[in-house]
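Coordinates for the following, if possible.
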Amino acid sequence: MVQFMAKDNVPFHTVVFPCSLLGADDNYTLLHDISATEYLNYEDDKFSKSRGVGVFGNNAKETGIPADIFRFYLLFLRPENQDSAFSWADFVTRNNSELLNNLGNFINRALMFLKNSFDSTIHEIVLNKEDEAFIASVNRDLKCYIESLENIKLRDGLKYVLSISKIGNQYIQATKPWLLVKGSKEDKARAGTVISLACNLSALLGVLIKPYMPITSDEICQQIQLPADNALIVDYFLPMLPLGHKIGNPSPLFQKIDASFGEKMKSKFAGRGKQSKPKEGAMNAPETKGKKEQDKESTPSSSEDASKLEEEIAAQGAIVRRLKQEQENKDLINKEVEKLLDLKRRLAVAQGIYPYTATDKKKGRKKTK
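Here you go, the predicted structure:
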């Protein structure tokens, strides 16, 4: 039996309760190990339901941010050795750097390259010294990942997953398969080795991330079409995808979160005592307000800005529809679509809503209702 709890519960669960079980002399399962954390604070304060400080379960759901992103961040800063604090600025930074630009970028890059250049099919892998050094680096961190989980160092385990992904990004940058695939027959075969190795590493990452981000893990394995029998944590990095294996349809795993959205969330969950001061002329307003009014006060937004953005969205939408009807150049259409999506994201932020509340599966993008 391994128990997980906060440090203030340790005396009872390590002394009092085990003594009761021993005294009962009824063959109860006794505590084998305990993982007790320090305290998690919120920004520069403590979590407090009574004061409305911090993000609790229902609040997290209402933000529209996928649960796996919260799981990732809470485990990334798990207070294993000392107190830590939830920070919206850091939350946004970690999503954009560690998830979007590191883990998500590597996996999507590898799978998209395989799809576009090798008909989504795993190529023959012929290793050279550069590949062997790459595999050795992965195995070093994979060993540390396993040891971290065995020793209940969950925070360290997650950082080794991100380190392995970083090694993968560096490998692709160093080998430049986008140049090799345009070269001779030997160069193209070399590109096949590089990308097939990268896709195998993506499959491994999909398995390693499972304890932390189960929904994301399932999505990675689905995109790769990884057989369930192969979805296991292994001691060494070995090919998990056989020669000729065909992957599914790759799509982005994560989306960028704007810093302005983080600022709005920080204001919204700062607590009743830290909301914006009332404007002049509003000093005599009633102190007791309904939940919707409190949300509006804690998440400042401009109805004029929102109205203007809605007008711009309508106009831009008309432009996109016209270009599609006239079958204009695809690059021009995509450019105008990007402008439309950016306007929708800005509107969502202005309204204090997570910019990616619904998934456009067809395009692999997020959109706001």
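
Which parts of the host helix or strand of Ala315 count as buried, going by neighbours?
Here Ala315, judged by DSSP states H and E, is contained in helix 303-325. Across helix 303-325, burial judged by 16 or more other Cβ atoms under 10 Å covers 309, 312-313, 316, 320, 323. In short, each C-beta sits where N, CA and C put it, glycine included.

Return the distance of Glu147 relative to Ala36.
Relative to Ala36, Glu147 is positioned 20 Å away (Cβ to Cβ, to the nearest Å).

and what of Lys129?
46 Å.

ok, those two, which is more surrounded?
A side-by-side neighbour count of Lys129 and Ala36, using other Cβ atoms under 10 Å, places Ala36 first with 17 against 7.

sec struct for the more buried one, please.
Taking DSSP: H, G, I helix; E, B strand; the rest coil as the rule, one finds Ala36 in the strand state.

who's in contact with it?
4-7, 9-10 (Cβ atoms under 8 Å, 6 or more residues apart in numbering).

Show me which of those is closest to Ser163.
Of all these, Ser163 sits closest to Phe4, with 24.2 Å by Cβ to Cβ.

Quickly list what that closest one is bridged to.
Assessed by DSSP bridges, Phe4 has beta-bridge partners Ser35.

How many neighbouring residues does the residue nearest to Ser87 when sequence neighbours are not counted have?
With sequence-adjacent residues excluded and distances taken as Cβ to Cβ, 6 or more residues apart in numbering, Ser87 is closest to Glu43, at 5.9 Å. Per other Cβ under 10 Å, the neighbour tally for Glu43 reads 19.

Can you list the helices and strands that the helix holding Ala315 packs against?
helix 330-350 (3 or more Cβ pairs under 8 Å, 6 or more residues apart in numbering; DSSP states H and E).

Quick one: mean pLDDT for the helix it packs on?
Average pLDDT, helix 330-350: 79.

remind me which residues of this protein are low pLDDT?
Applying pLDDT under 70 to the chain flags the ranges 272-304, 350-369.

Walk me through the domains of it.
2-65, 66-272, 300-369 (automatic domain parsing).

Deepest-packed of those domains, please.
domain 66-272 (a mean of 18; mean count of other Cβ atoms under 10 Å).

Three-state assignment for Leu114, please.
Each residue gets one of three states, and Leu114 gets helix by three-state DSSP.

Quick check: it touching Leu197?
No - in this structure, Leu114 is not within contact of Leu197 by Cβ atoms under 8 Å, at 10.8 Å.

What segments of the stretch 151-300 of the chain are helices?
Using DSSP state H, counting those that start in this stretch, the helices assigned to the stretch 151-300 of the chain run over residues 154-175, 177-180, 185-208, 214-224, 259-268, 291-298.

I'd like to know which of those lies nearest to Leu232.
Among the helices of the stretch 151-300 of the chain, helix 185-208 comes nearest to Leu232, with 6.6 Å by Cβ to Cβ.

Which strands and helices lie in contact with that closest one?
Counting contacts by 3+ Cβ pairs under 8 Å, 6+ apart, helix 185-208 packs against helix 105-118, helix 129-150, helix 154-175, helix 177-180, helix 214-224.

Let me see the contact set for Met112.
Counting by Cβ under 8 Å, 6+ apart, Met112 touches Pro250.

For it, give its distance to Ala191.
Per Cβ to Cβ, Met112 is found 14 Å from Ala191.

Repeat that for Arg78.
Distance from Arg78 to Ala191, by Cβ to Cβ: 40 Å.

so Thr121 bridges to which residues?
Applying DSSP bridges, one finds that Thr121 bridges with Lys246.

doesn't Leu114 make contact with it?
Yes - the criterion here is Cβ under 8 Å, and Thr121 meets it with Leu114 at 7.4 Å.

so what sits against both of the two?
With Cβ under 8 Å, 6+ apart as the test, Thr121 and Leu114 reach no residue in common.

Using the three-state scheme, assign the closest residue to Leu40 other than its chain neighbours.
Nearest non-adjacent residue to Leu40, counting by Cβ to Cβ, 6+ apart: Pro79, 5.4 Å away. Following three-state DSSP, we place Pro79 in the coil state.

quick one: Pro79 and Glu38 touch, right?
Yes - Pro79 lies in contact with Glu38 (Cβ under 8 Å); the separation is 4.0 Å.
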